[in-house]
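1. what's the 3D shape of this:
(2 chains)
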Amino acid sequence: MIRRTHLTTLAAATALAAAGCDREEIRVYSVAKETAPAPAPGASSAPTPAANTPRPQLAYTLPAGWQDAGPTAMSLANFRIKTDAGEASVNITPLASMAGQEAIVVNMWREQVGQKPLADGELAGALTPVEIGGAPGQLFEISGQRDGQTVRIITAFAHRDGASWFYKLQGPDAVLTAQKPVFVEFLKTVRIKEAGAPAAEVAKVAAPAAAEPEPEFKWKVPEGWQTLPAGQMQVAKFGVPARDGAKAEVFVSVFPSDTGGALANVNRWRRQLGLEPVDDAGLKALVAPLDTAPGAILVDLKNDARAMLGAIVPRGERWWFYKLMGDTAAVTAEREAFIRFVQTAP
Amino acid sequence: MKLIWKFLCSLRLTVVLLALAVLLIFFGTLAQVDEGLWKAQKIWFESWIVIWQHLQLFGGKFTVPIFPGGYLIGTTLFVGLTAAFIQRFTWRWDKLGVNLTHGGVILLLLGQLLTQELALESYIEFKEGETKGYAEHHRDNELAFIRDAGEGRDEVVVIPESMLRTGAEIRHEKLPFTVRVKEHGLNCQIRRRGPMVDGPATATQGVGMQLVVEPRAEAKDMDSRNLPYAYIELLAGGNSLGTWLVTPWLPMLGSAAQVIDVSGQKLRTELRFERYYQPFEMTLLKTSHEQYRGTDIPKNFRSRVRVVDGKTREAREVDIYMNHPLRYAGLTFYQARMGKDQDDPQRGTSALQVVRNPSWLAPYVGCYVVAIGMYLQFRLHLVKFLGQRLGATRRGGLGAISARVLELGVLGYLVFKFTLNLFGYSS
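-> A predicted model of the protein is given here:
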C-alpha cells in the first residue's frame, strides 16, 4: 500500500509541476546581431536638430501664479497655472508659416474636439484681433470633447519672419475664464529675440517631423479629383470637384491593425461630424458590407450640411481607412466615384 | 493517509470532477462571448481557481473564488485516476482491457497537462528574400533591452509584458537602471502629435515625444491582436534618465529601436512581439498564391523556403503548403497566411505558424491505448456472451483460427493506416 501511495504522490507532484511552471520571468540571452533596419524618417531616437540649433530667446513678464515649466522639443516656453479651480497650461510654439491658412488651422483644431469645421465666411467672426508683443495677432477659442473629456483652448497666433508663432492656453473652463484676461495681457509683454537661426529654421526643427514618405501607390483616381498633400498618418488626400460651393475631401490611411475595430473608428468619425457615439447595435444599422474584400465595410454619416462616407478595408496584413468628408452635396455627388475608388486596390 | 487515499480512489470523486468539468466547459464557452477566446481560456481553463475579480463591497475590491479552474479539475482527475488505477490494478488477461483503458485516459490527461505547459505557437512573417532566425508570439509582447556584446552578437534582456504593470519598478542585474512603469495600456492607437492641440508629451526622450497614444479597449476576438504601450522611466543612481514611450507600433511602422545612453553605454529598447530564437535561419524564397477562378477561396498557398542550420551545416530548400507542414528541429511549420508587400505589390509575403509541442504524440498514443483497451474489453464480453448463447466453440477449430486471423488482420490494417496518416503519409 505504501508503495502505491508513493506512486500516487509522484503522479500528483508531476501534475502540479507541469501545471504550475511559471514562464513570467526576465530572460537574458545572446543572439547574432541583426542587420539594423533602416530607421523610419522621424523615428530616430538621436537628439533632434532642435537641440543643437540656436533657438530664439523669449522675453516676457510672467503673470502672478504662473510657473515656468521650461522648454520642450516642440515648445520654446511652457507655463503651468495652478488655481483652486484646477490646472491650466500655456505654451509657445513656432511652426512653419501658415499665413493665409488660418481656416485650416482653426478647422483642424475644431475637428480634434469633434466640432464642425467653419463654413466660408464664418472664419472672420471666429478670429479676434489681439496684440502680441507689440504686433498684431489673432485669437480664437474652441471647446468640445476629446477622448471623453471637455477641452477648452484659447489660441493666439501671429506670423513673423517666415514662421507662425502659436500661444496656447488650455485647461478647465472655470480656470480659462479667469485666466483669459491675464493671458491677453501676457501676450502684450512677449518679445522674441533671434539667436542666430532665423525663426523659420527653428520652426522647421521644432515642428513635428514630416510625415513618413508616401509609398508609391498606383491609384486609379476618379476624374476630377485633385491630389493634395497628405496630412499626418495619411498616405493620400484628394479634393473632389466642388458642387455649387459645396466642397469635400478624400483621406486615405493605412495601418497594420484595425486600430481598435469598426466601432471605435466609426465613433471617432461621428465625433468629427459632431454626432453622438453609437453602441454595437447602432453600428450595425450604420454599416454596409463592401464588395471589395472580406470584412470590408462602408459607413454613411450625415449631420445636416456635413456628411461623411467612411470605408474600412482589410487587405493582406493591413487595414485601409478611406474617408470622404465635406459638405453633404459634394459627398452625395461623389458617392459612386468614392466607392469605386475604394474598391480598386492600389 | 488512509482517508486521503480512499478519497482519491473513490469513484464519486471522479464523477463529481467529470460533472464539474462539464460545467466548466459550459461556463467557459459562454464566457467567450464577453471575454473573447484567449481571455476566457486563461480565466476558466488555464487557472487553478476561477476568480471573480470585480466584486466591490464596503468600498473595497475583493477577489472571490467561484469555481475550480481547469488545472485543478484536470490535476485532481489525473491524480485520482492514477490512485484508483494503482489500487485496483491486477494482472489478469481478462482485466487487460480495463487496465489499458484506464492507462490510456491517464496518458491523455498527462499529455494535456504537458501540452499546456510545453506547447508553444508562434509565427514567422517574412517577405520574399527575407531571412529570419526567430518566430514571434501572436499575442504576447516583451520589453527588450539590447546591448552590443561584441563579436557580432547582442546581449538581450527581455521583460515579459505581464510585468509591465502601472507603478511597477523592475530591476535586473544585467540592466544598468531601474525600469519604472509610469503607465501601461493593453491596447492603443498612436498618431503624430498635432501642433499644439495635444497637451504636453508624457515621453521626454525618444520618438515618443512626437507621438500621442490613444488607449483602446482590449481586443478580444480571435482575429485582432492588442498593441500595448508603456511609458517607462529609467532611473540610474537615483537620477531619472527620462521617460520613453514603448509600443509594438514603432517596430511595426519601421522605426528603429530607441537608444538609451547610460554614461556612454548604449542600449536599444523596444516593446515588441515576444520572440523565440531558433538555432537555424529560414529564408522565404518564393510564394505561390492561387485562388479558384473568380473567387477568394484559396486553392494553393505555398511557400518555398531555404533552411540553413549553422550547427549541423544543413542547407535545404523545402515547400510548405496546406496539409504539408515542415517538421524540423522539434518544430512544425504550417502555412498560415499569404499576402503582398505593401511597398512592393510584386513581392509576396508569407506567415508560417510555428508549433513546438514535445508531447504531441501523447494524445494519439492515449487514444490508441484507450481504443485497444475498450476493444479488448467488449470483445471479451461479447465472446463470452455469444459462447453462452450459441454453445462453446471448439478451441483450435479451423473456424475459430480463421476468425482470429481475420480479426488480427483487420485490426493491424486499421492501426497501420491510422499511423501512416498520423505521420503525414496519407494514401
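2. tell me the bridge partners for the closest residue in space to B:R153 that isn't next to it in sequence.
-> For B:R153, the nearest residue in space outside its immediate sequence neighbours is A:S30; the separation is 5.3 Å by Cβ to Cβ, 6 or more residues apart in numbering or on different chains. Quick note: C-beta positions are derived from backbone N, CA and C, even for glycine. Taking DSSP bridges as the rule, A:S30 bridges to B:E155.
3. isn't A:S30 up against B:V157?
-> No: no contact is recorded between A:S30 and B:V157 when judged using Cβ atoms under 8 Å, the distance being 10.7 Å.
4. more neighbours: the two, which one.
-> Neighbours per residue (other Cβ atoms under 10 Å in any protein chain shown) separate A:S30 from B:V157, with B:V157 holding more: 21 against 12.
5. distance of the more buried one from chain A?
-> In this structure, B:V157 and chain A are 5 Å apart, going by Cβ to the nearest Cβ, to the nearest Å.
6. what's the pLDDT at residue 37?
-> Just so you know, I chose chain A. Model confidence at A:P37, expressed as pLDDT, equals 39.
7. you looked at the wrong chain, it should be chain B
-> Model confidence at B:L37, given as pLDDT, is 82.
8. cool, and B:V207?
-> 83.
9. that one touches B:Q258, doesn't it?
-> Yes: because the distance of 6.3 Å satisfies Cβ under 8 Å, B:V207 is recorded as touching B:Q258.
10. quick one, which of those two is more surrounded?
-> Comparing B:V207 with B:Q258 by neighbour count (other Cβ under 10 Å), the higher total belongs to B:V207, at 25 against 22.
11. look up how far B:Y229 lies from that one.
-> B:V207 sits 12 Å away from B:Y229 when distances are taken as Cβ to Cβ, to the nearest Å.
12. now list whatever residues contact both of these two.
-> Common neighbours of B:V207 and B:Y229, counting by Cβ atoms under 8 Å, 6 or more residues apart in numbering or on different chains, are B:L245.
13. low-scoring pLDDT stretches of the stretch 101-250 of chain A, where are they?
-> Residues of the stretch 101-250 of chain A meeting the criterion pLDDT under 70: A:101, A:111-114, A:120, A:145-149, A:162, A:194-218, A:230-234.
14. helices along that one, start to end?
-> Ranges of helices in the stretch 101-250 of chain A, per DSSP state H, counting those that start in this stretch, are A:102-112, A:123-126, A:173-189, A:199-206.
15. single out the most deeply packed of those helices.
-> Burial of the helices of the stretch 101-250 of chain A is given as mean neighbour count (mean count of other Cβ atoms under 10 Å in any protein chain shown); helix A:199-206 ranks first at a mean of 21.
16. chain A - how does it break down into domains?
-> Dividing chain A into domains by automatic domain parsing, as the record does, gives the ranges A:49-206, A:226-343.
17. distance to chain B added to the ones you listed, as JSON lines?
-> Compiled in JSON lines, the domains of chain A are given as follows (distance: least, Cβ to the nearest Cβ, whole Å):
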{"stretch": "domain A:49-206", "distance to chain B": "5"}
{"stretch": "domain A:226-343", "distance to chain B": "3"}
